[in-house]
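In: Got a predicted structure plus its sequence, pasted below:
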Amino acid sequence: TNKEPEVTVFPITLTSPPSASIMMWSLGMAGILELTGVLSIILEKSAKAVKNSFGLITCTVWSTWILSFFASDPYLSMLLPARTFGPAYDKLKINRKVLSRSLEDGGTVVAPMVPWGSNGVFISTTLGVPTLSYIRWYFFGLINPFTSVIMAYLGLGIWHVEDKKDVEAETSLNQMVTEE
């Protein structure tokens, strides 16, 4: 007999087509929230409230972390904060590689912990273990967002763009990337 692989999400066991439906539904909901501007408004208000590098990095990490649970794909959860918080990094003269790292710390490493996300479903299916069973052994994903915030508080790993010429060059490069 040809049996489809089962995926366990919370206490519910799903076969492949319904789990794909959950991922598509989650991605669709995130798309709707982006198109209606709900997420952008929330993130923009957060970006305006941030006054220093610690607050900006913390806001970036946690907003990406929260969005990881709304979107089924880590790229969408990182795209919105990247576009929203990017100008704030430029304003505070923080190099965009700090933004990139903060997005990774709150998005990519968290993705395997989201049971309905593409990463969580893939890992759960591949290992044959429910997401909530392996999550306690996923130290990197559990600890990394907190480590990122602590490092920001201590001022470690925050690179600044020094002179006006570097700021202009990085801003124009970021605008070209954003326009594509």
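Out: Cool, got the structure. Numbering: from 1, shown residues only.
In: rest of the way, CA atoms for contacts and neighbours
Out: Will do.
In: all helices for this structure, in order.
Out: For the chain, applying DSSP state H gives helices covering 16-35, 38-49, 53-70, 74-91, 96-103, 118-127, 131-134, 139-154, 164-179.
In: most tightly surrounded among these?
Out: Among the helices of the chain, helix 53-70 has the highest mean neighbour count (mean count of other C-alpha atoms under 10 Å), at a mean of 23.
In: Output the contacting helices and strands for that helix.
Out: helix 16-35, helix 38-49, helix 74-91, helix 96-103, helix 139-154 (3 or more C-alpha pairs under 8 Å, 6 or more residues apart in numbering; DSSP states H and E).
In: Need the contact partners of it.
Out: Contacting residues not belonging to helix 53-70 are listed as 26-27, 29-30, 43, 46-47, 50, 74, 77-78, 81, 85, 88-89, 92, 94, 99, 102-103, 105-107, 110-111, 114, 117, 145, 148-149, 152-153, 155 [C-alpha atoms under 8 Å, 6 or more residues apart in numbering].
In: if you set the cut-off to 6 Å instead, what comes out?
Out: Residues outside helix 53-70 that contact it (C-alpha atoms under 6 Å, 6 or more residues apart in numbering) are 50, 74, 77-78, 102, 106-107, 149, 152-153.
In: Next, give me the two most distant ones among these.
Out: Within these, P74 and Y153 form the most distant pair, 25.1 Å apart (C-alpha to C-alpha).
In: mind putting the helices and strands packed on helix 53-70 in CSV, distance to T64 and mean pLDDT included?
Out: Shown next, in CSV, are the helices and strands packed on helix 53-70 (distance: least, C-alpha to C-alpha, whole Å; pLDDT from 0 to 100):
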stretch, distance to T64, mean pLDDT
helix 16-35, 13, 68
helix 38-49, 10, 78
helix 74-91, 6, 86
helix 96-103, 6, 94
helix 139-154, 10, 94
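In: wait, which of those is closest to V129?
Out: Across those, V129 has its closest neighbour in helix 16-35 (14.7 Å, C-alpha to C-alpha).
In: what sits against the spatially most central residue of the chain?
Out: The centre of the chain sits closest to G107, judged by C-alpha atoms, centre = their mean, with a distance of 2.6 Å. Residues in contact with G107 (C-alpha under 6 Å, 6+ apart) are 64-65, 68, 74.
In: Would you format the helices and strands packed on helix 53-70 as CSV with distance to S133 included?
Out: Below are those laid out as CSV (distance: least, C-alpha to C-alpha, whole Å):
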stretch, distance to S133
helix 16-35, 18
helix 38-49, 31
helix 74-91, 21
helix 96-103, 26
helix 139-154, 13
